[in-house]
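Undergrad: Need a 3D model of the following:
(one chain, ligands or ions: 1)
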Amino acid sequence: MSSDETLVVCRDAALTFGQGPQAVVAVHGADLEIGAGDRLAVVGPSGSGKSSLLHLLAGLEQPTSGTVTRATSLGPYGIGLVFQGDSLIPALSVAENTALPLVLADRSEARARDAALAALALVDAADLADRLPEEISGGQAQRVAAARVLAQEPRLILADEPTGRLDHATGARVLDALLTAADHTGAALVVTTHDPVIAARLTVRRTMRDGRLFAPEEVP
Ligand SMILES: Nc1ncnc2c1ncn2[C@@H]1O[C@H](COP(=O)(O)OP(=O)(O)OP(=O)(O)O)[C@@H](O)[C@H]1O
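TA: Purely as a prediction, here's the structure:
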């Protein structure tokens, strides 16, 4: 893997929901390249289209016009997703939640658990391993979500408002966990946020307003 490898390219990628007078343009012709190891913050207020852009990058939505191209080298497990809140499965322990992507990818349960425990330790959540999601806080749950992505060892981590519902100090710890996960695996990291303090911790910041993605550091 070369360090300047391009993972995802958006060219004039747009996403419109609905048709006719009811149509909502969530993303207007966005141009974006994500390379291996990049650290990108997409910053904008609620409703500006950040989640929609992330869904395009992940392939969860297809562009209505323009193109989104993912490198074939990403493979089926190459993208790790972290969503805002409530993403853990309630009936599974923290360790089982963390190991789940590996079990689904046919790793043995013992190896998956070892990888999960190592990932939890890296994000400072080893002591939570045997708890259920209902027994941990929102900030802890987001760190577990970071550990789950870390265990998966993706090439690209997409985190949608991972600190959105948290206070500043807790949000900073969640971002620490995501940066640790990305550094440890060499993954690219894209974080959407409305919080400039969180955005300042990523290398490149791009503002979104009303579905428009502005150039790096360009302030609309
Ligand atoms: N499935 C959908 N159907 C119709 N409209 C949608 C859908 N998803 C999003 N939208 C609209 O697209 C626009 C962008 O929404 P999006 O969720 O991408 O913004 P956001 O910046 O992520 O907001 P938030 O921070 O509140 O999640 C909004 O006007 C929203 O109402």
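
Undergrad: Do a quick rundown of the strands in the protein.
TA: Using DSSP state E, the strands of the chain run over 6-17, 24-35, 39-43, 65-70, 79-82, 156-160, 188-193, 204-209, 212-213.

Undergrad: which strands and helices sit next to the fifth one?
TA: Spelled out, it's strand 79-82. When contacts are defined as 3 or more Cβ pairs under 8 Å, 6 or more residues apart in numbering; DSSP states H and E, strand 79-82 sits against helix 138-152, strand 156-160. All C-beta spots, glycine's among them, are computed from the backbone N, C-alpha and C.

Undergrad: Now do the end-to-end distance for stretch 102-113.
TA: 9 Å (Cα to Cα, to the nearest Å).

Undergrad: Now do that stretch: everything it contacts.
TA: Stretch 102-113 has contacts (Cβ atoms under 8 Å, 6 or more residues apart in numbering) with 77, 95, 99-100, 115-116, 151-152.

Undergrad: Also stretch 42-62?
TA: So stretch 42-62 is in contact with 8, 10, 13, 15, 26-27, 30, 32, 34, 63, 68, 70, 79, 81, 156, 158, 160-161, 190-196, 199, 205-213, going by Cβ under 8 Å, 6+ apart.

Undergrad: quick one: average pLDDT of the longest helix belonging to the chain?
TA: Identified as the longest helix of the chain according to DSSP state H is helix 168-185. For helix 168-185, mean pLDDT is 88.

Undergrad: Pull out the buried positions in it.
TA: Neighbour-count burial for helix 168-185 flags 170-175, 177-182, 185 (criterion: 16 or more other Cβ atoms under 10 Å).

Undergrad: how many other residues sit next to residue 83?
TA: Residue 83 has 16 neighbours, counted by other Cβ atoms under 10 Å.

Undergrad: Let me know the distance separating it from the ligand.
TA: Distance, residue 83 to the ligand, by Cβ to the nearest ligand atom, to the nearest Å: 10 Å.

Undergrad: That residue contacts residue 160, correct?
TA: Yes. Between residue 83 and residue 160 there is a contact under Cβ atoms under 8 Å: 5.3 Å.

Undergrad: The ligand contacts on this protein?
TA: 17-18, 24, 26, 44, 46-52, 161 (Cβ under 6 Å from any ligand atom).

Undergrad: Redo the residues you listed as JSON lines? Include neighbour count and pLDDT.
TA: Output for these, formatted as JSON lines (neighbours: other Cβ atoms under 10 Å; pLDDT from 0 to 100):
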{"residue": "17", "neighbour count": "12", "pLDDT": "96"}
{"residue": "18", "neighbour count": "9", "pLDDT": "92"}
{"residue": "24", "neighbour count": "12", "pLDDT": "93"}
{"residue": "26", "neighbour count": "22", "pLDDT": "97"}
{"residue": "44", "neighbour count": "23", "pLDDT": "94"}
{"residue": "46", "neighbour count": "9", "pLDDT": "91"}
{"residue": "47", "neighbour count": "14", "pLDDT": "93"}
{"residue": "48", "neighbour count": "22", "pLDDT": "95"}
{"residue": "49", "neighbour count": "25", "pLDDT": "96"}
{"residue": "50", "neighbour count": "27", "pLDDT": "96"}
{"residue": "51", "neighbour count": "20", "pLDDT": "95"}
{"residue": "52", "neighbour count": "24", "pLDDT": "96"}
{"residue": "161", "neighbour count": "23", "pLDDT": "90"}
